[in-house]
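In: Everything below, folded, please.
(chains A and B)
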Amino acid sequence: MSLSPDSSVGGAPALLSVRGVTKSFGDNEVLKSVDLDVSRGEVVAVIGASGSGKTTLLRCLNGLETPDAGVVSVGAVSVDFASAGQGRGGVKALERAKGSLRDQSAMVFQHYNLFPHRTVIENVIEGPVVVQGRSRDEARADALVLLDRVGLAEKADAYPHQLSGGQQQRVGIVRALALKPELLLFDEPTSALDPELVGDVLLLMRDLAAEGWTMVVVTHELQFAREVAAKVAFVDAGRVLEMGPPSQVLGAPREERTRQFVRRLTHPL
Amino acid sequence: MGIDWSLFWDSLGPLALAALVGTIPLALASFALGMVLAVGAALMRLSKNRLVSAIARLYISVIRGTPLLVQLFVVFYGLPSLGLVINPWPSAIIALSLNVGGYAAEVVRAAILSVDKGQWEAAYMVGMSRRTALRRVILPQAARVAVPPLSNTFISLVKDTSLASLILVTELFRKAQEIAAFTQEFMLLYIEAGLVYWVICLALSSGQMRLERRLDRHVAVA
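Out: Below is the predicted model of the structure:
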């Protein structure tokens, strides 16, 4: 494991840089040497069929999955997974490395994963207070501002099960924002929602993009990718097969696999 | 055969007192210590370290595979031959908590495993360590799942304390034996003792229901 400052790639400083990340589950090689760069303030949509490895890739960015090899750098933290976890005390060192990587980002989950035994506001301040050691009053005040922003201030003392899916996911986003991360990771944030609730969540994400948050969004929402993302990465069979502006990747794909995938999503019948 | 009601009422006081100062404190103390052992053993069982997990597995296997009476006798009558003499009360508490710990460990382990994996991930995501995630996120949710089976464990324990009478602890059953031996009214006294156990267990069952309702407040019941 090494801690090194940001690497610069092609002018704009990369906030997130992924080099040669591989990951297998047993014999199943899910990620085959993935490279990815995301600049500060950039929104990247990651698309691909289920089983292509896009969610695994996202989970490697915050150590929820441990890559077999490769380097993941977010902000000032860089972890080389080929060497991390080797030698004496390796397991602990690897956990520490993943922890410091995780502290750079916050994730929004497909199934929200709110804490069901805590109220909305307790969900939001759990990380800031318990982990980051901020004062409860200050964290509550910040949380209320964020909740108000997503129209859920009056639900602050409700429990997650009392909210709709769309409301729960907005709380999930607020919980991520409250951690004040460098990078926001979204794992199919609208896939579990009823169709009529998808819009609110996507609009909120568009606002966040406009505010300058750096976001990596695994999604099937091509319209969102087209309108909000600066870049679209098409993941196929464990590789980033094609990456570029949405007009190119979605509008005029270079690769036949991308073309097929985009066509299937835009013309399902 | 008539029932000697005056003996029944006269014995009720001493039996209730024996339950109050013997059976109930013995059960409470053993359950509290047993739960500490259970959570510890459950976490050891779930450890990735094979040795740690194997130790917990062995403990659980020995406790579940041997009679409680044998465990009580080993502690009270067996250990003195190794030069370790322990009084009846501490002996009973040691044996009963070890016993409860072994049984409840599997309940606690199952309850921890029943919590959705996404809860661990969300806890890690907000920056928690494994220990903090357990304490703040996983165990509170596992507790709800574990209440019904642990209530069963506790109710069994209350009745199992009667075995402590065999290592000279004066609890409810031993008191009934004493009165029965003195009055020769075995049927009456043993049924009366049984009734007192039953009343205690009824109270515990209603406590269990109230606890479950309390813990359900924040959870949509599927």
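In: Every contact and neighbour count from this point should use C-alpha atoms.
Out: Will do.
In: if we look at the sheet, which residues does A:Met243 bridge to?
Out: A:Ala233 (DSSP bridges).
In: Show me what whichever strand or helix holds A:Val34 is packed against.
Out: Following DSSP states H and E, one finds A:Val34 within strand A:28-39. With contacts taken as 3 or more CA pairs under 8 Å, 6 or more residues apart in numbering or on different chains; DSSP states H and E, strand A:28-39 sits against strand A:14-25, helix A:54-61, strand A:239-244.
In: Straight-line length of stretch A:222-235, end to end?
Out: 14 Å (CA to CA, to the nearest Å).
In: Sort out which residues of that stretch are buried, please.
Out: Neighbour counts over stretch A:222-235 (16 or more other CA atoms under 10 Å in any protein chain shown) mark A:Leu222, A:Phe224, A:Ala225, A:Arg226, A:Val228, A:Ala229, A:Ala230, A:Lys231, A:Val232, A:Ala233, A:Phe234, A:Val235 as buried.
In: Between all of these, which two are separated the most?
Out: Greatest spatial distance in these: A:Val228 and A:Val235, 18.5 Å, computed using CA to CA.
In: Tell me, how many residues neighbour B:Met187?
Out: 11 (other CA atoms under 10 Å in any protein chain shown).
In: Near chain B, which residues of the stretch 1-150 of chain A? Just list them.
Out: With CA under 8 Å from any CA of the partner chain as the criterion, the stretch 1-150 of chain A comes near chain B at residues A:62, A:64, A:99, A:102-103, A:106-107, A:113-118, A:126-127, A:131.
In: ok, and the most crowded of those?
Out: Compared across those, A:Met107 has the highest neighbour count, 30 neighbours, by other CA under 10 Å.
In: beta partners for it?
Out: Assigned bridge partners for A:Met107, using DSSP bridges, are A:Leu185.
In: List the contacts of it.
Out: A:Ala176, A:Leu184, A:Leu185, A:Phe186, A:Asp187, B:Met125 (CA atoms under 8 Å, 6 or more residues apart in numbering or on different chains).
In: Contacts only, for the closest residue to the first one other than its chain neighbours.
Out: When the adjacent residues along the chain are set aside, A:Ala176 lies closest to A:Ala106, with 5.1 Å between them (CA to CA, 6 or more residues apart in numbering or on different chains). By CA under 8 Å, 6+ apart, the contact list for A:Ala106 reads A:Ala176, A:Leu177, A:Leu179, A:Pro181, A:Leu183, A:Leu184, A:Leu185, B:Met125, B:Val126.
In: What strand or helix carries the first one?
Out: Taking DSSP H and E as the definition, one finds A:Ala176 inside helix A:165-178.
In: could I get that helix in PDB with only the CA atoms?
Out: Extracted in PDB, the C-alpha atoms of helix A:165-178 (Å, rounded to 0.1, in the frame of the first residue of the first chain):
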ATOM      1  CA  GLY A 165     -39.000   3.900  -2.000                       C
ATOM      2  CA  GLY A 166     -38.200   7.300  -3.700                       C
ATOM      3  CA  GLN A 167     -38.100   9.000  -0.300                       C
ATOM      4  CA  GLN A 168     -35.900   6.300   1.100                       C
ATOM      5  CA  GLN A 169     -33.500   6.700  -1.800                       C
ATOM      6  CA  ARG A 170     -33.400  10.500  -1.400                       C
ATOM      7  CA  VAL A 171     -32.500   9.900   2.300                       C
ATOM      8  CA  GLY A 172     -29.800   7.500   1.000                       C
ATOM      9  CA  ILE A 173     -28.400  10.300  -1.100                       C
ATOM     10  CA  VAL A 174     -28.500  12.700   1.800                       C
ATOM     11  CA  ARG A 175     -26.700  10.200   4.000                       C
ATOM     12  CA  ALA A 176     -24.000  10.000   1.400                       C
ATOM     13  CA  LEU A 177     -23.800  13.800   1.000                       C
ATOM     14  CA  ALA A 178     -23.600  14.300   4.800                       C
END
